[in-house]
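Q: got a predicted structure plus its sequence, pasted below:
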Amino acid sequence: MLTYKQLLKEAAVICEGAQVNEQLSRRLLLELCDEFNVDLYMNIDLPVDVSLKEKFDRYLIRLCNHEPLAYILGYEWFFGRKFECTEDVLVPREETEELVGHILADIDEFFDSLPITIADVGTGSGALAITTKLELQECDIFASDISVEALSIAKKNAEKLSAEVTFLQGDMAQPLIDQRIFVDVCLCNPPYIKNSEEIQLSVQAFEPHVALFGGVDGLDLYRRILDQVPRFMKQQSILAFEMGYDQKESLVYEVKSRFPDSHVIVRQDINGLDRMCFVYFNRCF
């Protein structure tokens with residue numbers, strides 16, 4: 001019978017032929033082993049569970065059709081927690097985990113005391129809002145999204161993870177403005193891919209375009225939320241964006257043209273790319 005080691009080798013060859021990263025097939029097998037209560041590495045030379053292999057084979061076909069692994073599994077891990085994912089939401093990514101890590105550190109240094117009010121604009125799966133709430137239980141967290149379907153997924157995730165987040169439906173920060181909610185911190189991972197940019201097939205074909213593309217230069221949604229800042233952010237506050245690796249100069253210009261006295265820091269991700277922009281209003285480090 002086929003062993004787990006042999007299954008991985010076969011899957012690697014199949015992935016290579018489909019131009020899919022073989023590490024995705026390894027992660028797929030790890031996730032299924034966890035589901036079937038099998039320790040992959042303790043059982044690596046033992047025969048594969050028949051039911052597990054059947055499921056693995058079905059999922060591998062989808063993976064080799066370039067479907068994102070998170071949609072195949074129905075979830076993605078973020079900050080050590082499992083978030084439900086469907087094609088209605090963008091798949092949470094490692095770069096966004098870094099954004100959360102930085103903002104948690106900044107909150108500790110920037111504000112004299114808690115609780116504070118935090119908003120996640122364009123929440124998608126709810127990963128940013130829910131994670132922030134679970135890490136800062138005493139804070140009030142709001143999350144908005146224009147997509148009713150995305151909010152449905154976000155609410156499910158909040159319920160499963162026992163996170164008290166207030167969800168609001170509407171475009172960007174408009175729901176906060178309408179309800180006259182002013183926040184100390186705003187997190188935002190808006191669509192930032194240029195309309196003409198070529199992207200990975202699995203992203204182009206499966207992930208929601210409304211959460212991906214941000215106009216000719218990718219900054220349309222950034223301009224909109226920056227224009228909204230005076231109507232929903234407190235005078236002393238932090239605005240934190242994820243951004244494209246090549247958008248530093250353009251985004252800093254958009255911020256400074258509106259808020260010349262703000263303090264702006266662009267931070268790099270683990271790969272050394274400019275991926276996060278933090279704007280500090282009425283206080284700097």
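A: Sure thing, it's come through.

Q: low pLDDT regions in this structure?
A: 192-217, 284-285 (pLDDT under 70).

Q: where along it do the helices fall?
A: 4-18, 22-35, 50-64, 69-73, 94-110, 127-135, 148-160, 174-178, 201-206, 220-232, 248-258 (DSSP state H).

Q: which stretch among those comes nearest residue 238?
A: Residue 238 sits nearest to helix 94-110 of all the helices of the chain, at 6.0 Å, using C-beta to C-beta. For the C-beta atoms, the positions are set from N, CA and C on the backbone; glycine is no exception.

Q: please name every helix or strand in contact with the closest one.
A: For helix 94-110, the elements it packs on are helix 127-135, strand 183-188, strand 233-242, strand 274-281, judged by 3 or more C-beta pairs under 8 Å, 6 or more residues apart in numbering; DSSP states H and E.

Q: what does it contact?
A: 78-79, 114, 116, 127-128, 131-132, 135-136, 185, 187, 189, 238, 240, 242, 267, 269-270, 275-276, 278, 280, 283, 285 (C-beta atoms under 8 Å, 6 or more residues apart in numbering).

Q: which parts of it are buried?
A: 95-100, 103, 106-107, 110 (16 or more other C-beta atoms under 10 Å).

Q: what do you get for stretch 229-246?
A: 229, 232-233, 237-244.

Q: closest to residue 172 out of those residues?
A: For those, the nearest to residue 172 is residue 232 (9.6 Å; C-beta to C-beta).

Q: how near is the residue nearest to the closest one when sequence neighbours are not counted to residue 116?
A: Nearest non-adjacent residue to residue 232, counting by C-beta to C-beta, 6 or more residues apart in numbering: residue 176, 4.3 Å away. From residue 176 over to residue 116 the distance is 15 Å, taken as C-beta to C-beta, to the nearest Å.

Q: what about residue 141, how many residues nearby?
A: The number of residues packed near residue 141 is 30, by other C-beta atoms under 10 Å.

Q: residue 86 is nearest to which of the helices of the chain?
A: So among the helices of the chain, helix 148-160 is nearest, using C-beta to C-beta, at 5.9 Å.

Q: CA atoms of the closest one as CSV?
A: The C-alpha coordinates for helix 148-160 follow below in CSV (Å, rounded to 0.1, in the frame of the first residue of the first chain):
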residue,chain,number,x,y,z
VAL,A,148,-23.1,41.5,2.8
GLU,A,149,-21.6,38.0,2.0
ALA,A,150,-18.3,38.9,3.5
LEU,A,151,-19.9,40.2,6.7
SER,A,152,-21.8,37.0,7.0
ILE,A,153,-18.4,35.1,7.0
ALA,A,154,-16.9,37.6,9.4
LYS,A,155,-19.8,37.2,11.8
LYS,A,156,-19.5,33.4,11.8
ASN,A,157,-15.8,33.7,12.6
ALA,A,158,-16.4,36.1,15.4
GLU,A,159,-19.0,33.8,16.9
LYS,A,160,-16.8,30.7,16.6
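
Q: who are the packing partners of it?
A: Applying 3+ C-beta pairs under 8 Å, 6+ apart, we find helix 148-160 packed against strand 81-84, helix 127-135, strand 140-145, strand 166-169.

Q: 6 Å instead, please
A: When contacts are defined as 3 or more C-beta pairs under 6 Å, 6 or more residues apart in numbering; DSSP states H and E, helix 148-160 packs onto strand 81-84, strand 166-169.

Q: distance from the chain centre to the last one, please.
A: This points to strand 166-169. How far strand 166-169 lies from its chain's middle: 18 Å, per C-alpha atoms, centre = their mean, to the nearest Å.

Q: what do you get for stretch 104-124?
A: 17 Å.

Q: circling back to that earlier point, just send the buried residues of stretch 229-246 back as CSV, with distance to residue 157 too.
A: Shown next, in CSV, are those (distance: C-beta to C-beta, whole Å):
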residue, distance to residue 157
229, 27
232, 24
233, 25
237, 26
238, 24
239, 24
240, 20
241, 22
242, 19
243, 24
244, 26
